[in-house]
Structure formats: C-alpha cells, structure tokens
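[1] Below is the sequence, then the predicted model.
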Amino acid sequence: MPATENPTSHDDPRPDGPAARMPRWLPRAMVLALALVACFQLASWAFHQLIALLLNVLIAFFLALAVEPAVDWMAARGMRRGAATGLVFLGILVGAAGFFALLGSMLAGQIATMVQEFPQYLDSVISWINSTFHSHLSRVEVQNNLLRSDWLQKYVQDSANNVLAVSATVLGSLFNLLTVALFSFYFAADGPRLRRALCSVLPPSRQTEVLRAWEIAVAKTGGYLYSRGLMALISGIAHYVLLEILGVPYAPALGMWVGLVSQFIPTIGTYLAGALPILLAFTVDPWYALWVFAFVVIYQQFENYLLQPRITARTVDIHPAVAFGSVIAGTALMGAVGALIAIPATATLQAFLGAYVKRYDVTDEVRVMGGGRRRRASSALRRLRRSLHDDPPAAPLEGRGDGDGDGEGGSAGGRGGDGGDGDERGTGGKGE
C-alpha cells in the first residue's frame, strides 16, 4: 500500500513558521529612522529660529576680518589688542555718526524748505491750471479738499496704528547692530586666541591650511575695506570741490554721500549716489544739474580704468563680471547682507583657489589667444620655422667636400660646400 504524504511535511513554511516572523533588525531600524527624522526636524526648526543670529555672526566675522589688520598694526607697537580694537571701533562710530549727522541736517533742511515753500509751489501750480484749462481753483479750496479727503484721514489713522510696529522694528535693528558690534569686537580682540582654540582640535597637517586660509581672508577683506575707503575719500573730495564751485547747498554732506554710497553699495551705488546731488543742483540751476551729471559720468570712467586698478591691484583684484555675479548671488542667498559681503568673500575664495590650484601654460592656439586669419598664418609660419630650426643635422653619407667643387644637398635642409674650405657638409648628398 503506497504511503500517503503528510500535508504538513511540505517544504513550504507554515503561516506561523520562522519565515513569517518579523526580522529582529526591523524594529531597531524603524526606531533609528524615526529618530533621524526627528533630529532632522529639530535641527531644521533650530536653524530657522537662529538664522537671524547666524547672519549677525557672519557679518561680525567679516567686520572683524576687515579691522584686524589695523588692530594687528597697533598691537605690534605695544598697544593691547582690546584697547586697539576699541580705538578702531571708536573711529568707525565717530565716522558713521558724523556721516548721518551731516546727512540728517541736509534732509532736515530740505524738508523745512519744502514745507515753507509749499504754498508758493501750490499757487504756481494752481495758476498754471487756471490759465491753461480756464478753471477757477483757489488754494484755500484745494487745501480744504485735501485735508478733508478720505484717503488722507485713512493714511493718518493707519500710520498711527503702525507706530508700535515701527518702534519694534527700530528697536530690533538697534539690537541687531549691537549684536554685530559685540561679536565683531570679540572676534577682533581675541583673534589669536580664537585661532588657537580652533587649531587645537585639528591635526598639525590641517592647522597650517586653516591658518593660511585665515590669513588670506584677513588680507582680502581688510584690503577691500581700506581700498574702498580710500576711493570713497578721493571721490568725496572731488565731488565736494565741484559742488562747492557750483554753489550747490550742503556740498560737504553731498560729497560724503557720493563717496560712501558709490563705493560700499555694489553695482547700483554709483547711480544712487549721483541722483541726489543732481537733484539738488537742478533746484539751483538746470544747467548745474547737467554739469554734475557729466562730472559723475566722467569721474566714474576715470575711477574704473585708472584709479581702481592701481588701488585694488594688491587687495581685491577680481573681474567686474565676477564681482557682479557674486553680488547677485549674495543678494539671492542673504539679501542686502549677502550683497555687502559678496565681493570680499569672492576675493577670499579666489585668492585661496589661486594659492592651491595648479595652473599650466596655455597653448598658442587661435581659439585661445584670439586673432583672425593673419594670426593663424603667422602662427603656422612660426611653427614651421621652429621645426626647421630644431631639426638636428644628419650624419654625412660619404664625408666632407674637399673645397674644390660644389657641395649639393639632397634634402630640403642640406647644404653643400660651394667653393668653401671643405667644412660644410651635405645632408643627403656629397661634396664633389
């Protein structure tokens, strides 16, 4: 009788067999994955909460790099680093306060003049409208309609409601400014200690690289600040002299405005700086505005092609297209802060790459060197002459010429003794 197969003896595992159980590593992997996701979410939340502080620290770091050469110079002459840093920041504070004081006095004077002369302006506009359109408007009627208008009342009410928000914004800006000043003071005053603490956690082979990168950053950032400051001084003096000659009011403040704004606001600073003196010169005489505009354009060309290459040749010498692209990239990443630190950061990166990236000689090709058909022909002729000059002479076949006959060369470069003293050899032939 044939043996019956037991249905439970198949190779297929049972539903409650070992293969149906959950692997032991799966719960641990799930817990680990959830923990990683939670840590990522926590880090992302913390980063978004601290992004304002990180930006302030970044600004403070670049400001400390900019003032560190001056601090090092004073510290090398016996002054303590803390006192030297405080003196440098005091000078910056006095300069900024003087600039804003002059600018504020200019704006206050202009606003007061506009308020005092507003009735005369309004009368002239109303007279032109009445004479042109044959209307019968009066200044009192226009003022009453303007003061009783709904949009003006709504604007005043909204402005009163936004006083608290404006005050909070001003206080937040002052707090950020104080934060940047404190961090930059500590970075500049404790620069050697900070570098020593950073290098203490690195192997000796990495310490040299970090210190070299730090020195390059200090040199480029400080060079950027000082070169821009020198060009701002020259630009401010030049524009001040012109405005003083033309009799434009607030010439010192306008000269300082043009110098600082044109140098420290990338790309559009020149246009912003030139607009204000042109506008004020127009209030004196329209021809004066034209003279100021022509001077701004001519001086900009003089600065771009003569002054700036000489001053920035040893500090921040980057291509204008690279500078413009870095400003756009910095603005897209960090807004106005990125636009301000884009150029020194790019110069630091360029200097760092130039110190560590190996460069090779460029081949003499038309596509690389430029030029047209004439350059291509001259290059081909130069290569032919070089090949003929570098071709080594071949050994003679049968000897030398005796000097009584004519030496004939059988190849392109061969020479025979033509009535000579027998010392010239024939290449590919023999002297007869």
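    Thanks, I have the structure now.

[2] For the rest of this, base every contact and every neighbour count on C-alpha atoms.
    OK.

[3] which secondary structure elements does the helix ranked longest in the chain contact?
    Of all the segments of type helix in the chain, defined by DSSP state H, the longest one is helix 81-133. Here helix 81-133 touches helix 25-75, helix 139-147, helix 163-189, helix 251-264, going by 3 or more CA pairs under 8 Å, 6 or more residues apart in numbering; DSSP states H and E.

[4] Now those in CSV, please, with extra columns for distance to Gln207.
    Shown next, in CSV, are those (distance: least, CA to CA, whole Å):
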stretch, distance to Gln207
helix 25-75, 19
helix 139-147, 70
helix 163-189, 19
helix 251-264, 34
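
[5] rank those by pLDDT, which is bottom?
    With a mean of 76, helix 139-147 has the lowest mean pLDDT of the helices and strands packed on helix 81-133.

[6] quick one: secondary structure of Arg77?
    Here Arg77 is coil, with the state taken from DSSP: H, G, I helix; E, B strand; the rest coil.

[7] What is the burial count for it?
    Residues near Arg77, counting by other CA atoms under 10 Å, number 8.

[8] Gly222 - how many residues pack around it?
    Around Gly222 there are 24 residues (other CA under 10 Å).

[9] Could you pull up the contacting residues of the closest residue to it other than its chain neighbours?
    Residue nearest to Gly222 in three dimensions, not counting chain neighbours: Ala66, with 3.9 Å by CA to CA, 6 or more residues apart in numbering. Residues in contact with Ala66, defined by CA atoms under 8 Å, 6 or more residues apart in numbering, are Val218, Thr221, Gly222, Gly223, Tyr224, Leu225.

[10] hmm, try it at 10 Å
    60, 184, 188, 217-226, 344 (CA atoms under 10 Å, 6 or more residues apart in numbering).

[11] Tell me the one among those residues nearest to Phe118.
    Leu225 (42.5 Å; CA to CA).

[12] Now that that closest one has come up, it's in contact with Val67, right?
    Yes. Counting by CA atoms under 10 Å, Leu225 touches Val67, with 8.4 Å between them.

[13] Pick out whichever of these two has more residues nearby.
    Val67 (24 against 19).

[14] residues making contact with stretch 48-55?
    In contact with stretch 48-55 (CA under 10 Å, 6+ apart) are residues 43-44, 47, 56-61, 176, 179-180, 334, 337-338.

[15] If you could redo that for stretch 307-326, that was the one I meant.
    219-228, 230-231, 234, 266-267, 299-304, 327-332, 338-339, 341-348, 350-351.

[16] can you do 7 Å?
    Applying CA atoms under 7 Å, 6 or more residues apart in numbering, the set of residues contacting stretch 307-326 from outside is Lys220, Gly223, Tyr224, Ser227, Thr267, Ala342, Ile343, Thr346, Ala347.
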